[in-house]
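Trainee: Sequence first, predicted model second:
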Amino acid sequence: MKILVLNAGSSSLKCQYFIDEESIASVTIERIREKESYTVLTYANEQREHTSTIKDHYEAFETLFSLLKESHIITDVTELNAVGHRVVHGGPYFSRPTLINTEVIEQIRSLIPLAPLHNPSNLEGIEVIAKAYPALKQVAVFDTAFHQTMPEYAARYPLPYDLYEEAHVRRYGFHGTSHAYVAKEAAKMLQQPLETLNLITLHLGNGASAAAIKGGRSIDTSMGMTPLEGLMMGSRSGDIDPAIIPYLVQTQEMDVEAVDAMLNKKSGLKGVCGNNDMRKIIEKINGGDDKSQLALEMYVYRIKKYIGAYATSLGHVDAIIFTGGIGEHADLIRKMVCKGMKQTFGMILDKEKNRSVSGEKSAIHNPESRIDLLVIPTNEELEIARQTKEVISRLS
Ligand SMILES: Nc1ncnc2c1ncn2[C@@H]1O[C@H](COP(=O)(O)OP(=O)(O)O)[C@@H](O)[C@H]1O
Ligand SMILES: CC(=O)OP(=O)(O)O
Ligand SMILES: [Mg+2]
């Protein structure tokens, strides 16, 4: 089966072309909307890279298709069996991967207010393809689906009950495809059935979330009704006192839209130190920049607090998994997260191993550690290809 998978993140577009479960080619476009967007095509063990300005996701999709054509990877798009899309918010409508039709498109559109940084780019991809190749089957795989197993007491907010019934106000959780994928990979690495494991997965990308996974099922996660709750992120605040919002509206001449844009786009690492690229933040810290140092300390402290919380939710923890661009590559962050966690949690990092790991699957704990510490590169695209294949197979 030939499946093209599109994963439009908030600042990136990742694409992989699969024949059955084999990845034939991949294209990653990073830093969309910034002066220097960075495109990498990987095909037949070769990498082609270039830098250009890509002003939005629409332009990123155009760049992607012309690259695949030029390189003779997909010369005729109609030969594909399906396109699988990452869709971030499935709201109350979707708890499984779904074949896309016009009704599904409208439901995804109606969820834009709940995922303003994501659902629009996810939709753009779906619509570009629907327009150009109307006969091609498209499947949506939702970030929220994996967290549907959260118990009600974890999923609900302590708000008036009617808000849940009338306006679907509850916690949904995100990055589900990634948390599910790395949990399965962790079970393989540990050579134990997933059903027996208690895991904390840390997806640290531009968006970031933690999940508590018991026996392969999500029992809690740090993102909520929208991908704004929880950990500090690239440009999103994560947890704050909700009273800050009316306070700003009342005292700072900001309307609700301005506060919302600030919380989603001008906060987090970017808000504190002006930068949302962890590589640059680390460079600046080495150059003595105090704001970058503070941003990093806040970022790490908040991850540690969630580890503490989820150790309590799970009872005991078998392994903590680092994934996402930062979790996979930033050994400094992993080291800071594990520091001072020996006494209470028995976490002991092997500093040498940690330093040498960047982007590959590896255990980074000392043999004495009570909790296994693992770096596992996420592969949301492979997981989406698998789920897309399942949906398409059921049709025939
Ligand atoms: N070698 C590295 N060292 C530190 N941070 C890195 C490295 N490579 C990537 N990152 C960080 O990973 C983040 C992007 O993660 P990614 O998962 O690709 O994002 P997205 O959420 O857009 O999919 C950025 O903050 C980037 O700086
Ligand atoms: C939901 C979310 O935050 O996604 P990303 O990390 O791709 O921005
Ligand atoms: Mg991502």
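Mentor: All right, it came through fine. Ligands and ions are numbered 1, 2, ... in the order given.

Trainee: just the helices in the stretch 151-300 of the chain please.
Mentor: For the stretch 151-300 of the chain, helices defined by DSSP state H, counting those that start in this stretch occupy the ranges 152-155, 161-167, 176-190, 244-251, 256-265, 268-273, 278-286, 290-314.

Trainee: Minimum distance to ligand 1: which of those has it?
Mentor: Of all the helices of the stretch 151-300 of the chain, it is helix 278-286 that lies closest to ligand 1, at 3.6 Å by Cβ to the nearest ligand atom. Every C-beta, even on glycine, is put in place using the N, C-alpha and C of the backbone.

Trainee: any bit of that closest one sitting next to ligand 1?
Mentor: Yes: on the criterion Cβ under 6 Å from any ligand atom, helix 278-286 is in touch with ligand 1 at 278-279.

Trainee: Can I get that helix in PDB? Just the C-alpha atoms.
Mentor: This file holds the C-alpha atoms of helix 278-286, laid out as PDB (Å, rounded to 0.1, in the frame of the first residue of the first chain):
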ATOM      1  CA  MET A 278      16.200  25.500  21.800                       C
ATOM      2  CA  ARG A 279      19.400  25.300  19.800                       C
ATOM      3  CA  LYS A 280      19.700  29.100  19.800                       C
ATOM      4  CA  ILE A 281      18.800  29.400  23.400                       C
ATOM      5  CA  ILE A 282      21.600  27.000  24.400                       C
ATOM      6  CA  GLU A 283      24.000  28.900  22.200                       C
ATOM      7  CA  LYS A 284      23.000  32.200  23.900                       C
ATOM      8  CA  ILE A 285      23.400  30.600  27.400                       C
ATOM      9  CA  ASN A 286      26.900  29.700  26.500                       C
END
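
Trainee: Please identify the buried residues of it?
Mentor: For helix 278-286, the neighbour count (16 or more other Cβ atoms under 10 Å) marks 278, 281-282, 284-285 as buried.

Trainee: That helix to helix 290-314, inter-axis angle?
Mentor: Here helix 278-286 points in a direction 120 degrees away from that of helix 290-314 (axes from the mean of the first three to the mean of the last three Cα atoms, to 10 degrees).

Trainee: Kindly provide the distance from the nearest residue to L263 once chain neighbours are set aside to V249.
Mentor: Of all residues not flanking L263 in the chain, S237 sits nearest, at 5.0 Å (Cβ to Cβ, 6 or more residues apart in numbering). According to Cβ to Cβ, to the nearest Å, S237 and V249 sit 16 Å apart.

Trainee: can you tell me how far the residue nearest to L263 sits from I200?
Mentor: For S237, the distance to I200 - Cβ to Cβ - is 22 Å.

Trainee: need the contact list for whichever residue of the stretch 251-396 of the chain sits closest to ligand 1.
Mentor: In the stretch 251-396 of the chain, the residue that lies nearest ligand 1 is G325 (2.2 Å; Cβ to the nearest ligand atom). Contact partners of G325, counting by Cβ atoms under 8 Å, 6 or more residues apart in numbering, are 204-206, 278.

Trainee: what's the answer for I307, then?
Mentor: Taking Cβ under 8 Å, 6+ apart as the test, what I307 contacts is 200, 202, 210, 320, 337, 341, 345.

Trainee: In strands, which of the residues you listed fall?
Mentor: Counting by DSSP state E, the contacts of I307 place 200, 202, 210, 320 in strands.

Trainee: I'd like to know which of the contacts of G325 are part of strands.
Mentor: L204.

Trainee: most surrounded residue in the contacts of G325?
Mentor: Per-residue neighbour counts (other Cβ atoms under 10 Å) across the contacts of G325 peak at L204, which has 27 neighbours.

Trainee: In contact with the residue most central in space within the chain: list those residues for me.
Mentor: Centroid-nearest residue in the chain, with Cα atoms, centre = their mean: H175, separated by 4.2 Å. Applying Cβ under 8 Å, 6+ apart to H175 gives the contacts 143, 203, 205, 207, 209, 211, 221, 223, 324.

Trainee: What is the neighbour count of the nearest residue to K291 once chain neighbours are set aside?
Mentor: Closest residue to K291 apart from its sequence neighbours, by Cβ to Cβ, 6+ apart: C273 at 4.0 Å. Using other Cβ under 10 Å, C273 has 22 neighbouring residues.

Trainee: got it, and H316?
Mentor: H316 has 10 nearby residues by other Cβ under 10 Å.

Trainee: Do I have it right that it meets N198?
Mentor: Yes: with contact defined as Cβ atoms under 8 Å, H316 reaches N198; the gap is 5.8 Å.

Trainee: Name the residues contacting each of those two.
Mentor: Contacts common to H316 and N198, judged by Cβ under 8 Å, 6+ apart, are absent.

Trainee: on that earlier part again, which one of S237 and I200 has more residues nearby?
Mentor: I200 (25 against 20).

Trainee: Show me the beta-bridge partners of the more buried one.
Mentor: A212, I320 (DSSP bridges).

Trainee: swap in V27?
Mentor: Applying DSSP bridges, one finds that V27 bridges with C15, L41.

Trainee: Correct me if wrong: it contacts L64.
Mentor: Yes: the criterion here is Cβ under 8 Å, and V27 meets it with L64 at 5.3 Å.
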